[in-house]
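# would you be able to build a 3D model of this:
(2 chains)
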There are 2 protein chains.
Amino acid sequence: MKTETTIQGLAASLNPARAARKIIGFVPTMGNLHEGHLNLVREARKLCDVVVVSIFVNPIQFGPNEDFDSYPRTLEHDQHLLADVGCDIVFAPSVEQMYGNQPRLTNITVGGITNDLCGAQRPGHFDGVAVVVTKLFNIVQPNFAFFGQKDYQQLAVIRQFVRDLNIPLEVIGVPIARAEDGLALSSRNGYLSAENRAIAPTIYQSLKTAEQALQAGASLPDALANIRNTLMQAGFAVDYVEARTPELQPIEVFNQNTVLFIAAKLGATRLIDNLQIKFSES
Amino acid sequence: MKTETTIQGLAASLNPARAARKIIGFVPTMGNLHEGHLNLVREARKLCDVVVVSIFVNPIQFGPNEDFDSYPRTLEHDQHLLADVGCDIVFAPSVEQMYGNQPRLTNITVGGITNDLCGAQRPGHFDGVAVVVTKLFNIVQPNFAFFGQKDYQQLAVIRQFVRDLNIPLEVIGVPIARAEDGLALSSRNGYLSAENRAIAPTIYQSLKTAEQALQAGASLPDALANIRNTLMQAGFAVDYVEARTPELQPIEVFNQNTVLFIAAKLGATRLIDNLQIKFSES
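As a prediction, this is how the structure comes out:
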């Protein structure tokens, strides 16, 4: 496994694969890897000849009061993990390598689906994601790109701009990896105190409880209210508890496939999760 | 020469060239071709193995009161001209082929350099250019793309987002093609009455007069005021007469290389032109 830190170095490393028309798979990450990321790499390994993983903590997707400076950088450990799951090339550029010294004047916005859920709480966040992912796509030029369904809204945003801009690749969404107790894996879980780590699985439990209630005939507003109450009683500060169609359109009644979304803070740590719930006519 | 009207058809046509790693040159146009466009194709022919010309009147770069509906569509004539200058593939998609049936949610904005000159007169115009050119770049995936210097601000916008988004191609700017009397070639010249066509070369004459005056020591404000007066006396409604650095930064004194910009209307027809003026220490 190679590590490249420059765009030029990466291009040189990928050139033989491109010349041989090999299938290139790409997993963009911000590092501090966990099993969720490694599942993306395993999925890429199955479908592609060459697997590239980028590790880049992207400053422009963090708000001014967010955790850019403190976001964990663990490159050496990440490299060991990636070598073990069959990554071929790690691309770990500096901020200067990605954004240069001249001001960036270009922005990419995705309307509609970025206005609520995490978009409402994190203004500019999805613009920053769209810009960096577009840059990385243009640098790596993969055939397939892999993203986790945990960041469901991010995945929808990426699918949208890939379609709208005719970016020549296929986006693959990979199911959420969870700890044994159900907590969705996240680099931010490392911020949790032991006490809060024990409380955190309440998020997933409340989603599963809501799923059972909905399947048994409970109303969607009641199911959402129950999640909210459960989280508040467990000590969370709830950002949102919402139901959407798989395309992120608002939904009032559980009469089609539905996704439940939670964002909630435990102490200073903001956690997100979601659950896709199948609707079947009975 | 082939003509393709679908993205899939174009991909199939280009696939052998891509597999053989041939150099692909791309000239995006809105059709109604004149010698200016053909010069772009000739330049592409010199540098590239395969030359693709797109003909697409892009609705999203026209304002609500602009000439989208009446913009001249002359595909058959354009095809003859392109075959004569050695174009290999014409890509002439429908609006539906380019934008599909689902709403486009993604926008690309380029800040700073789009705020004045034509950007001030045509809100959203350069967003529409950035989106369609990015889409076409992703569809054609050329090594080189050719644009005329007549649309100087457009060329600067394209260079900017190509750099900011790491789009993997080189942008080539080609000098303005002019009629014998100096009028910059433009599809919109066809809108001019015979009388106005006779007046139109005043634009270029006033630029050349200003160049001589500046080289002889005239001040930049005086030179710009003279252009404005000349145009008004000839019957133009002046949109702007401006001086900028080659990077489109405002400039007050002729103490470096400078570009003079004119946009002016004759009747309902808006014409633009520019002249790059070399500064040399005497």
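# run the chain-centre distance for the helix or strand of chain A with the lowest mean pLDDT.
The least trusted helix or strand in chain A, going by mean pLDDT, DSSP states H and E, turns out to be helix A:118-121, with a mean of 90. Between the centre of helix A:118-121 and the centre of its chain there are 14 Å (Cα atoms, centre = their mean, to the nearest Å).
# touching it from outside, list them.
Contacts of helix A:118-121 from elsewhere in the structure, counted by Cβ atoms under 8 Å, 6 or more residues apart in numbering or on different chains, are A:113, A:125-126, A:153-154, A:239-240, A:263, A:272. Where you see a C-beta, it was placed from the backbone N, CA and C, and this is true even at glycine.
# next helix or strand past that helix?
Using DSSP states H and E, the helix or strand that follows helix A:118-121 in sequence is helix A:125-140.
# now do that next one, average pLDDT.
Averaging the model's pLDDT scores along helix A:125-140 yields 98.
# who are the contact partners of residue A:78?
A:31-33, A:55, A:90.
# looking at those residues, which is nearest residue A:81?
When these are ranked by distance to residue A:81 (Cβ to Cβ), residue A:33 comes first, at 5.2 Å.
# report pLDDT for the nearest residue to that closest one once chain neighbours are set aside.
Using Cβ to Cβ, 6 or more residues apart in numbering or on different chains and skipping the chain neighbours, the partner closest in space to residue A:33 is residue A:78 (4.7 Å). Reported pLDDT at residue A:78 in the predicted model: 98.
# how about the one 5 residues further on?
pLDDT, the model's per-residue confidence, is 98 for residue A:83.
# before we move on, what about residue A:108?
Note on residue A:108: pLDDT of 98.
# list the contacts for whichever residue of the stretch 1-150 of chain A sits closest to chain B?
Nearest to chain B in the stretch 1-150 of chain A, going by Cβ to the nearest Cβ, is residue A:106, at a distance of 3.7 Å. By Cβ under 8 Å, 6+ apart, the residues touching residue A:106 are A:131, B:108-111, B:130, B:160-161, B:164-165.
# show me the beta-bridge partners of it.
On the basis of DSSP bridges, residue A:106 takes part in beta bridges with residue B:110.
# quickly check: stretch A:242-259 near chain B or not.
No: if you take Cβ under 8 Å from any Cβ of the partner chain as the test, stretch A:242-259 misses chain B, and the best it gets is 9.9 Å.
# may I see the buried residues of that stretch?
Residues of stretch A:242-259 classed as buried by neighbour count (16 or more other Cβ atoms under 10 Å in any protein chain shown): A:242-244, A:248, A:251, A:254, A:258-259.
# most widely separated two among those?
Spatial extent of the buried residues of stretch A:242-259 (Cβ to Cβ) is set by the pair A:248 and A:254 at 16.2 Å.
# quick check: chain neighbours aside, which residue is closest to residue A:170?
residue A:144 (5.2 Å).
# might one say that that neighbour is in contact with residue A:46?
No: using Cβ atoms under 8 Å, residue A:144 and residue A:46 do not qualify as a contacting pair, with a distance of 10.2 Å.
# more neighbours: which of these two?
Here residue A:144 and residue A:46 are compared on neighbour count by other Cβ atoms under 10 Å in any protein chain shown; more neighbours surround residue A:144, at 18 against 10.
# spell out which residues of the stretch 101-250 of chain A are next to chain B.
A:102-113, A:130-131, A:134-135, A:138-139, A:141, A:160-161, A:163-168.
# now which of those residues would you call buried?
The neighbour-count test (16+ other Cβ under 10 Å) applied to these identifies A:104-110, A:112-113, A:130-131, A:134-135, A:138-139, A:141, A:160-161, A:164-168 as buried.
# point out where chain A drops to low pLDDT.
Judged against pLDDT under 70, the low-scoring parts of chain A cover residues A:282.
# domain map for chain A?
According to automatic domain parsing, chain A is divided into the following domains: A:2-174, A:187-275.
# rewinding a little: now the contacts of residue A:106 as JSON lines including distance to residue B:174?
Shown next, in JSON lines, are the contacts of residue A:106 (distance: Cβ to Cβ, whole Å):
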{"residue": "A:131", "distance to residue B:174": "29"}
{"residue": "B:108", "distance to residue B:174": "23"}
{"residue": "B:109", "distance to residue B:174": "26"}
{"residue": "B:110", "distance to residue B:174": "21"}
{"residue": "B:111", "distance to residue B:174": "26"}
{"residue": "B:130", "distance to residue B:174": "20"}
{"residue": "B:160", "distance to residue B:174": "18"}
{"residue": "B:161", "distance to residue B:174": "19"}
{"residue": "B:164", "distance to residue B:174": "22"}
{"residue": "B:165", "distance to residue B:174": "22"}
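# want to throw the domains of chain A into JSON lines with distance to residue B:279?
Written out in JSON lines, the entries for the domains of chain A read as follows (distance: least, Cβ to Cβ, whole Å):
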{"stretch": "domain A:2-174", "distance to residue B:279": "23"}
{"stretch": "domain A:187-275", "distance to residue B:279": "53"}
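# re earlier: which secondary structure element contains the residue nearest to residue A:33?
Using DSSP H and E, the element containing residue A:78 is helix A:75-84.
# kindly report the same for residue A:182.
With DSSP H and E as criterion, residue A:182 is part of no helix or strand.
# same for the helix or strand that contains residue A:158, what does it pack against?
When elements are assigned from DSSP H and E, residue A:158 belongs to helix A:152-164. Packing partners of helix A:152-164 (3 or more Cβ pairs under 8 Å, 6 or more residues apart in numbering or on different chains; DSSP states H and E): strand A:106-110, helix A:118-121, helix A:125-140, strand A:144-148, strand A:170-174, strand A:258-266, strand B:106-110.
# now the angle from the last one to helix B:152-164?
Computed with axes from the mean of the first three to the mean of the last three Cα atoms, to 10 degrees, the direction of strand B:106-110 lies at 110 degrees from that of helix B:152-164.
# send the alpha carbons of strand B:106-110 over as PDB?
Extracted in PDB, the C-alpha atoms of strand B:106-110 (Å, rounded to 0.1, in the frame of the first residue of the first chain):
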ATOM      1  CA  THR B 106     -27.200  21.900  -7.800                       C
ATOM      2  CA  ASN B 107     -25.700  25.300  -8.600                       C
ATOM      3  CA  ILE B 108     -22.200  26.500  -9.200                       C
ATOM      4  CA  THR B 109     -21.300  30.000  -8.300                       C
ATOM      5  CA  VAL B 110     -18.000  31.800  -9.000                       C
END
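# now that strand and helix B:125-140, what's the angle there?
Going by the same axes, to 10 degrees, strand B:106-110 makes 120 degrees with helix B:125-140.
# give the buried residues for stretch A:82-97.
Within stretch A:82-97, the residues that qualify as buried by neighbour count (16+ other Cβ under 10 Å) are A:82, A:85, A:87-93, A:97.
# typed the wrong thing, it's stretch A:59-75
Residues A:60-62, A:67, A:71 are the ones in stretch A:59-75 that count as buried (16+ other Cβ under 10 Å).
# could I get those residues as TSV with secondary structure and distance to chain B?
Listed next are the buried residues of stretch A:59-75 as TSV, based on DSSP: H, G, I helix; E, B strand; the rest coil; distance: Cβ to the nearest Cβ, whole Å:
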residue	secondary structure	distance to chain B
A:60	helix	11
A:61	helix	15
A:62	coil	19
A:67	coil	25
A:71	coil	23
